[in-house]
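In: could you look at this predicted model? Sequence included:
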Amino acid sequence: MSTNALERHYHQPDDGDEFQSIHPRVTLSTRVIGVLVTMAFVCGGCADDASDAAPAPTATSAAPAAPAQTTDTTDTTDTTDTTDDVPPTTEPKIPIPTGLLVAVPQQNREDPAKGQFQLQIVNDTDERFEVSSVQFVWTGYTSPFTPRDTTIVGGQIIDLPVPFPGATCVGDGSIDTMPSMDDAVVMLGLADGSVREAPVVDRWHLARRLYLEDCQRQFIVASVAIEWVDLHEETYDGRPVTAGSLRLTRGTGDGTVTIDSISGTIPYSFEAVDIAPGEPVAVLGADEAVVEVPIRFTESRCDPHALSEVKQPHKFVAQVDLGDGVLLAFVVIPDVADWVPMRRTADRACIVTGQVEFVGDEAAATAATTATSAP
């Protein structure tokens, strides 16, 4: 495989833009088809969040391949494009060496919700590998051996998903004490019982980012527990909403803990009850062990296109100050048992507020418009 072929495969727009697949995407209809769409919103949202099954590896060729190099598709390998989302970064991309078998950590849009990342295996050799398992090995974190049944031929690039096990934080968990990525490898278990070791090229700095973000999460969790409690449906402004409380419980931290803000998601808007604009959502004083504040979730977007594309509808991001004036991002997710009731409540609110368009109403509106505009 030539350097030019590798660069074409890994071409990315300007930093900060979403990595673009070379394959066209199917555009979903933006019309709601009666009550069935409301049901689809609920079921679809649950599937996105609750699924933790690892998908079959996806494969493409880095350059046009001769028929002899076609992947054996007797396994469950998909034929869709490889990972199309990578973390935006202003740092230079690490180059992919030619003539080697290497692994590049990546993530697509669905991976974070599934607790996994992709190992993009770049086989720029003439060898053929019958892969039976894969494992990411690094001092910062090591994934379990994940069974796979796929073939990687010379000149091929293929994505193999593995679970993210959580970081094994070294020192204070910062980049200054992080283990060197030079020691990271991917172990490919082969069908003949042998193991092939592939060096890791953290091209997009994803492996590093996963480590640093999880170490920050662990640090916050040790300092203070942040959770949604007593989520239930109630009526607000004439439509159903999900109400409850945000609870902070002190851990090892001894200073004032402030939740400065919490972002909403595509299906839900977050509202802190009884606070003035610009005030923090919650404050746990230095002399307090527990504090609870009332909150509510209202419907946000109701259009089917947005709701069908959402991958993490219950991922609410809080900005947390542990007493040093530095805001840290922390994800606060409701209990899984609350996901379906929350979604159903938001869907009903979309109907009550008239943000869902029914097929019959749409046809009637179109007919009326045509009649009034006729000469």
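Out: In hand now; what should we look at? Since the structure is predicted, the reported quantities are computational estimates derived from the model, not experimental observations. Numbers count the residues shown, from 1 in each chain.

In: show the contacting residues for residue 235.
Out: Taking C-beta atoms under 8 Å, 6 or more residues apart in numbering as the criterion, residue 235 is in contact with residue 241. In short, each C-beta sits where N, CA and C put it, glycine included.

In: from residue 337, how far out is it?
Out: Relative to residue 337, residue 235 is positioned 22 Å away (C-beta to C-beta, to the nearest Å).

In: low-confidence stretches in the stretch 51-200 of the chain?
Out: By pLDDT under 70, the low-scoring segments of the stretch 51-200 of the chain are 51-89.

In: so the residue positioned nearest the centre of the chain, which of the three states?
Out: In the chain, the residue lying closest to the centroid (C-alpha atoms, centre = their mean) is residue 112, at 2.9 Å. At residue 112 the chain is in helix, as set by DSSP: H, G, I helix; E, B strand; the rest coil.

In: ok, it to residue 303 distance?
Out: Residue 112 sits at a distance of 23 Å from residue 303 (criterion: C-beta to C-beta).

In: just the helices in this protein please.
Out: Secondary structure of the chain (DSSP state H): helices at 3-9, 34-50, 111-114, 206-223, 304-309, 339-352, 359-373.

In: next, the buried residues of the fifth one.
Out: Within helix 304-309, the residues that qualify as buried are 304, 307-308, counting by 16 or more other C-beta atoms under 10 Å.

In: of all those, which comes closest to residue 227?
Out: Looking at the buried residues of helix 304-309 and their distance to residue 227, the nearest is residue 307, at 25.6 Å (C-beta to C-beta).

In: and that closest one, how close does it get to residue 204?
Out: 29 Å.

In: one more: residue 311?
Out: Distance from residue 311 to residue 204, by C-beta to C-beta: 19 Å.

In: repeat for residue 149
Out: Applying C-beta to C-beta to residue 149 and residue 204 gives a distance of 27 Å.

In: thinking again about what came up before, more neighbours, residue 311 and residue 204?
Out: The neighbour count for residue 311 versus residue 204, taken as other C-beta atoms under 10 Å, is higher for residue 204 (25 against 16).

In: so residue 178 sits against residue 211, correct?
Out: Yes. Judged on C-beta atoms under 8 Å, residue 178 makes contact with residue 211 at a distance of 6.1 Å.

In: check the contact lists of the two and give me the overlap.
Out: residue 140.

In: more neighbours: which of the two?
Out: Ranked by neighbour count (other C-beta under 10 Å), residue 178 and residue 211 place residue 211 first, with 25 against 19.

In: quick check, pLDDT for that one.
Out: Residue 211 carries a pLDDT value of 98.

In: going forward, the N-terminal residue is numbered 26.
Out: With the count now opening at 26, the last piece we talked about shows up as residue 236.

In: so how far is residue 228 from it?
Out: In terms of C-beta to C-beta, residue 236 sits 16 Å off from residue 228.

In: surely residue 158 is in contact with residue 175?
Out: No. Counting by C-beta under 8 Å, residue 158 stays clear of residue 175, with 10.5 Å between them.

In: what about these two, which has more around it?
Out: residue 175 (23 against 18).

In: give me the neighbour count for the residue nearest to residue 195 when sequence neighbours are not counted.
Out: Leaving aside its sequence neighbours, residue 195 sits nearest to residue 202 (C-beta to C-beta, 6 or more residues apart in numbering; 5.1 Å). Residues lying near residue 202 (other C-beta under 10 Å) number 11.

In: please apply the same query to residue 337.
Out: Residue 337, neighbours per other C-beta under 10 Å, totals 17.

In: and it, how far from residue 327?
Out: Relative to residue 327, residue 337 is positioned 18 Å away (C-beta to C-beta).
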